[in-house]
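Chemist: next input, structure requested:
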Amino acid sequence: MSEYVPLQLDKKLFNDFYIRSLSEQTYKLKLPLPPHRKTVNDFILLTKGSITKSSGLDNFKVAKSSICLLPAGQITTTTEITPDIEGYYCHFSDSYLVNTNIDLNDWMLKPIVLIEKNEMPPLIALLDRINFIYSNSANHDLIKAYLVTFLTELKFLSGGKTKTAFTASERIAHDFKKLVSQKVTRQTSVNEYAKELHVTPNHLNKSVKTTFGKSASAIVDEMLLLEAKVLMCQHTQSVSEVSFAIGFEDPSYFGRFFKKHTGMTPTEFRKLIDLSD
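Modeler: Down below sits the predicted model:
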């Protein structure tokens, strides 16, 4: 799916930290990217152009003068990148934030923050410095210090931009959606989610329907489908193994479920992926 310059792949601790300028032609991407579960935290800060992405069941566009930060564990994909893209991409593992006061939870519900014109220069200056250190010495102790400074500066500059005031019903709905993202392969019963959220199934369904315009069970089904697509894109498991992995005891029932929501069988979907490679 991507062709990185060998120098970038050979860098020590690539899985713990990576940064690059988006204006540098260091790799090629074949879009849209297949859905995949992120193992690292990442952010994209744009000074020009736009990127269309998804996180879980939500789709959004990252535009000029904005930053998108997604914590690890999210299922995501990228569907479009404009050719005039400029800015920075950076990813880092959870270990980079150990023993710091950085909390990424504010970005869980609202991953995009608009950056004012006067707020952009200090953020770019910090990323320029991090990129320079990474490219020349890869001093990760220094990189960590600058990264914490960048995230702290971002939180200070954004103020309450990442804070969202929810009604009680909206909070229940968003908490439900977060739980489904984390537990859908182990827990598919709406009643179980309601119990965990300390509400009745009826109240949970009403809250979800009012907030997202669809039932709680529909969101569970959509998340199961997304999880199945992630696993099938990896080509490491058979269709039967994928069905077991996401909680279906009967592969044939999984096949009917998949076709009902996508219009094709799991095997047809996998062949379609093979043709796009």
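Chemist: low-confidence ranges, the stretch 151-277 of the chain, go.
Modeler: Low-confidence segments of the stretch 151-277 of the chain, defined by pLDDT under 70: 158-165, 275-277.
Chemist: that one: helices as residue ranges?
Modeler: Along the stretch 151-277 of the chain, the segments classed as helices by DSSP state H, counting those that start in this stretch run 168-183, 190-196, 201-212, 216-234, 239-245, 251-262, 266-276.
Chemist: let's have those in TSV, adding distance to Ser135 and mean neighbour count.
Modeler: The way it works is simple: take the backbone N, C-alpha and C, and place the C-beta from them, glycine included. Formatted as TSV, the helices of the stretch 151-277 of the chain follow (distance: least, CB to CB, whole Å; neighbours: other CB atoms under 10 Å):
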stretch	distance to Ser135	mean neighbour count
helix 168-183	35	18
helix 190-196	46	17
helix 201-212	43	18
helix 216-234	31	19
helix 239-245	39	17
helix 251-262	43	15
helix 266-276	33	13
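Chemist: which among the ones you listed is found nearest to Leu126?
Modeler: Leu126 lies closest to helix 168-183 among those, at 29.7 Å (CB to CB).
Chemist: what lies in contact with the closest one?
Modeler: Counting contacts by CB atoms under 8 Å, 6 or more residues apart in numbering, the residues outside helix 168-183 that touch it are 56-57, 73-75, 108-109, 166, 193, 196-197, 199, 203-204, 206-208, 210-212, 216, 219-220, 223.
Chemist: which residues touch the closest residue to Ala245 other than its chain neighbours?
Modeler: Computed as CB to CB, 6 or more residues apart in numbering, the closest residue to Ala245 that is not its neighbour in sequence is Leu231, at 6.0 Å. By CB under 8 Å, 6+ apart, the contact set of Leu231 is Gln237, Val242, Ala245, Ile246.
Chemist: phi, psi of the first one?
Modeler: When read as degrees, to the nearest 10, the backbone of Gln237 gives phi -130, psi 150.
Chemist: and the chain, what are its domains?
Modeler: By the assignment in automatic domain parsing, the chain contains the domains 6-158, 168-276.
Chemist: any idea how far the residue nearest to Ala245 is from Ile102?
Modeler: Distance of Leu231 to Ile102, computed by CB to CB, to the nearest Å: 31 Å.
Chemist: and of the helices of the stretch 151-277 of the chain, who's closest to Ala125?
Modeler: With CB to CB, the closest approach to Ala125 among those belongs to helix 168-183: 34.0 Å.
Chemist: distance from the chain centre to that closest one, please.
Modeler: Distance of helix 168-183 from its chain centroid, counting by CA atoms, centre = their mean, to the nearest Å, is 16 Å.
Chemist: please shift the residue numbers so they start at 11 in all later answers.
Modeler: New numbering, starting at 11: the last item is helix 178-193.
Chemist: next, the angle from that helix to helix 211-222.
Modeler: Helix 178-193 and helix 211-222 are oriented at 100 degrees to each other (axes from the mean of the first three to the mean of the last three CA atoms, to 10 degrees).
Chemist: in PDB, list the C-alpha atoms belonging to helix 178-193.
Modeler: The C-alpha trace of helix 178-193 is given here as PDB (Å, rounded to 0.1, in the frame of the first residue of the first chain):
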ATOM      1  CA  ALA A 178     -27.100  13.600  29.200                       C
ATOM      2  CA  SER A 179     -28.500  11.600  26.200                       C
ATOM      3  CA  GLU A 180     -25.700  12.600  23.900                       C
ATOM      4  CA  ARG A 181     -23.100  11.600  26.500                       C
ATOM      5  CA  ILE A 182     -24.700   8.200  26.800                       C
ATOM      6  CA  ALA A 183     -24.800   7.800  23.100                       C
ATOM      7  CA  HIS A 184     -21.100   8.800  22.600                       C
ATOM      8  CA  ASP A 185     -20.000   6.600  25.500                       C
ATOM      9  CA  PHE A 186     -21.900   3.700  23.900                       C
ATOM     10  CA  LYS A 187     -20.200   4.300  20.600                       C
ATOM     11  CA  LYS A 188     -16.800   4.300  22.300                       C
ATOM     12  CA  LEU A 189     -17.500   1.100  24.100                       C
ATOM     13  CA  VAL A 190     -18.700  -0.600  20.900                       C
ATOM     14  CA  SER A 191     -15.400   0.400  19.200                       C
ATOM     15  CA  GLN A 192     -13.400  -1.200  22.000                       C
ATOM     16  CA  LYS A 193     -15.500  -4.300  22.700                       C
END
